[in-house]
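Enquirer: Sequence isn't available, so here's the structure alone:
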Ligand SMILES: *Cc1c(COP(=O)(O)O)cnc(C)c1O
């Protein structure tokens, strides 16, 4: 098997192994790690068709995480995809209204982030062991609502690690906030910042880039890593479920072996859909990658005209995990589209930092023609959720709703009848308020847990453990800070507040 190494999208880092890339999170030059090439799947879909999720995950991940031994990787996979998930299938595929919903929300925190964040802590601690790291690894994470909880849940009381999560104080749903502030574990900290997700993400990146701070931490036996989707350890596990979905379609006789499918993904930081793109590069028969945005439609505009422009109002929507104007992982696609020219990526990213925008060349735009951008406003999103419920009884969350609405529009316009998988990224219970408003036609005057009972009453499946858990859980985290003071907050947590 070919050994895949990783290099930075900004060209300034010598190749590192998969485990080193996972440990570092972000490359030294501020770029993101990318595999030097995409290995091809070395299995036949028909051979894997009856296999369980873990076996499929292993066959996919081993191709990219080459310096993990079979035993190490299987051990990580076993620890990740166990009974934390409420179904043995891990990622069930549900057909409704002629489209396939890949339910990625059956893990601990009922959002798709669990798919990668339940394995990342194991990949990371294994990587530390392999590379002889003695430092404590502290995960710094910015969250638009779901990553934070899923990462804390994964790292909670994992020996040799700590985790600090920053979330936008007014930018998450009630359930998302409660899930975070009630997080258990002696090694977890949560900080609400006075700003939006982009402020949180930029703040974290700045801390990562501060060499002096890294030195100070090292002197104290600490090093930082990231659980955001900039970490390749997040991206690789996400490739597996697209393969798994294809195998299910094949097994059910819904597609022929080799027949292409479309994938439609509700997108924020561009991690999930990039994983689908990489799956395609590795040999998954994918036709179009439909990139669905909410009213923060930077990506839609980008795929339309080749200009990435974040100079616009940041809109708070009912799909908060997609309220993002700087989609970090797009840098990886940019890198591929310019023939892996790190210098060119550096130039564009500098323009993004200084002017808030950049323009790609016609050749780069052409390279991205597998992607189709679309967006749904709040009205379209709610109407889609309602129409799906009315015609099938199936209830989707507000993020999946954006994708469903965008897909409906795409199909109407293009008449493309290719079988399509929609990444269903959260349980409707996580955004019960908005989902209920969509289905019942108006905002319900009810308490936060009454809406959950009501959602169950109108046909949502059993109330997940993740919701029951937070009902009476005590609030453990009350820290807040301005986005300019994030580093100070980290220092306070690590040095003054010895856990
Ligand atoms: C994070 C998230 C998204 C966006 O995923 P990206 O990989 O950031 O594009 C969509 N829906 C939900 C529910 C999420 O938590």
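Expert: Cool, got the structure. Keep in mind that what you see is a predicted model, and the values were worked out from it rather than measured. Numbers count the residues shown, from 1 in each chain.

Enquirer: of all the residues in the stretch 251-400 of the chain, which ones are close to the ligand?
Expert: Residues of the stretch 251-400 of the chain lying near the ligand by CB under 6 Å from any ligand atom: 266-272, 321-322, 399. For the C-beta atoms, the positions are set from N, CA and C on the backbone; glycine is no exception.

Enquirer: Correction: the previous question concerned the stretch 101-250 of the chain.
Expert: 111-113, 146, 229.

Enquirer: Out of those, which comes closest to the ligand?
Expert: Among those, residue 146 lies closest to the ligand (CB to the nearest ligand atom), at 3.2 Å.

Enquirer: Quick check: closest non-adjacent residue to that closest one.
Expert: Of all residues not flanking residue 146 in the chain, residue 111 sits nearest, at 3.9 Å (CB to CB, 6 or more residues apart in numbering).

Enquirer: Would you check that the one you found makes contact with residue 430?
Expert: Yes - between residue 111 and residue 430 there is a contact under CB atoms under 8 Å: 6.3 Å.

Enquirer: Report the set of residues contacting both of the two.
Expert: 105, 146 (CB atoms under 8 Å, 6 or more residues apart in numbering).

Enquirer: who has more neighbours, these two?
Expert: residue 430 (30 against 27; other CB atoms under 10 Å).

Enquirer: so who does the more buried one touch?
Expert: 105, 110-111, 146, 173, 175-176, 397, 466.

Enquirer: Adding pLDDT and secondary structure as columns, could you present the residues you listed in CSV?
Expert: Below are the contacts of residue 430 laid out as CSV (pLDDT from 0 to 100; DSSP: H, G, I helix; E, B strand; the rest coil):
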residue, pLDDT, secondary structure
105, 97, coil
110, 95, coil
111, 95, strand
146, 89, coil
173, 87, coil
175, 89, helix
176, 91, helix
397, 98, coil
466, 91, helix
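
Enquirer: Quick check: of those, which lies closest to the ligand?
Expert: Nearest to the ligand out of the contacts of residue 430 is residue 146 (CB to the nearest ligand atom; 3.2 Å).

Enquirer: Now for the closest one, how many residues are close by?
Expert: When neighbours are counted by other CB under 10 Å, residue 146 registers 29.

Enquirer: my guess is it contacts residue 426, does it?
Expert: Yes - Residue 146 lies in contact with residue 426 (CB under 8 Å); the separation is 6.9 Å.

Enquirer: Average pLDDT for the lengthiest helix in the chain, rounded please.
Expert: For the chain, the helix with the greatest residue count under DSSP state H is helix 232-251. Across helix 232-251, pLDDT averages out at 98.

Enquirer: And stretch 76-92, by the same measure?
Expert: 96.

Enquirer: who touches residue 64 in this structure?
Expert: 4, 18, 35, 39, 236, 239.

Enquirer: Do you know the pLDDT at it?
Expert: Residue 64 is given a pLDDT of 98.

Enquirer: ditto for residue 202
Expert: pLDDT, read off for residue 202, is 90.

Enquirer: So which bits of whichever helix or strand it is part of are buried?
Expert: Assessed by DSSP states H and E, residue 202 sits inside helix 197-209. Residues of helix 197-209 classed as buried by neighbour count (16 or more other CB atoms under 10 Å): 197-205, 207-208.

Enquirer: Tell me how many other residues crowd the residue nearest to residue 370 when sequence neighbours are not counted.
Expert: Closest residue to residue 370 apart from its sequence neighbours, by CB to CB, 6+ apart: residue 289 at 5.4 Å. By the measure other CB under 10 Å, the count of residues near residue 289 is 21.

Enquirer: From the ligand, how far out is residue 289?
Expert: Separation of residue 289 from the ligand (CB to the nearest ligand atom, to the nearest Å) stands at 12 Å.

Enquirer: Over to residue 402?
Expert: 8 Å.

Enquirer: show me the contacts for that residue.
Expert: 266, 292-294, 319, 322, 375-376, 381.

Enquirer: On the pLDDT front, check it for me.
Expert: Looking at residue 402, its pLDDT is 98.

Enquirer: what's the helix or strand for it?
Expert: Taking DSSP H and E as the definition, residue 402 sits inside helix 398-414.

Enquirer: pLDDT averaged over the helix or strand just after that helix - what is it?
Expert: Later in the chain than helix 398-414, the nearest helix or strand by DSSP H and E is strand 420-424. Averaged across strand 420-424, pLDDT comes to 98.

Enquirer: same deal with stretch 212-226?
Expert: pLDDT averaged over stretch 212-226 gives 94.

Enquirer: With stretch 292-299 instead?
Expert: On average, stretch 292-299 scores 98.

Enquirer: next one: stretch 478-485
Expert: Computed over stretch 478-485, the average pLDDT equals 96.

Enquirer: Can you give the distance from it to the centre of its chain?
Expert: 24 Å (CA atoms, centre = their mean, to the nearest Å).

Enquirer: hey, where'd the strands end up in the stretch 101-250 of the chain?
Expert: 136-142, 161-168, 188-194, 222-226 (DSSP state E, counting those that start in this stretch).

Enquirer: just those strands: most buried one?
Expert: Neighbour counts (mean count of other CB atoms under 10 Å) averaged over each of these peak at strand 161-168, with a mean of 25.

Enquirer: That one: partners in the sheet, and parallel or antiparallel?
Expert: Paired strands of strand 161-168, with direction, are strand 136-142 (parallel), strand 188-194 (parallel) (DSSP bridges).

Enquirer: from the buried residues of helix 197-209, which is closest to residue 487?
Expert: Of all the buried residues of helix 197-209, residue 207 has the smallest distance to residue 487: 5.2 Å, by CB to CB.

Enquirer: Now residue 53: closest residue in space that isn't a chain neighbour?
Expert: residue 90 (3.9 Å).

Enquirer: what about residue 259, which helix or strand?
Expert: Residue 259 belongs to no helix or strand when elements are defined using DSSP H and E.

Enquirer: Not counting its neighbours along the chain, what's nearest it?
Expert: Spatial nearest neighbour of residue 259, chain neighbours left out: residue 285 (6.3 Å); criterion: CB to CB, 6+ apart.
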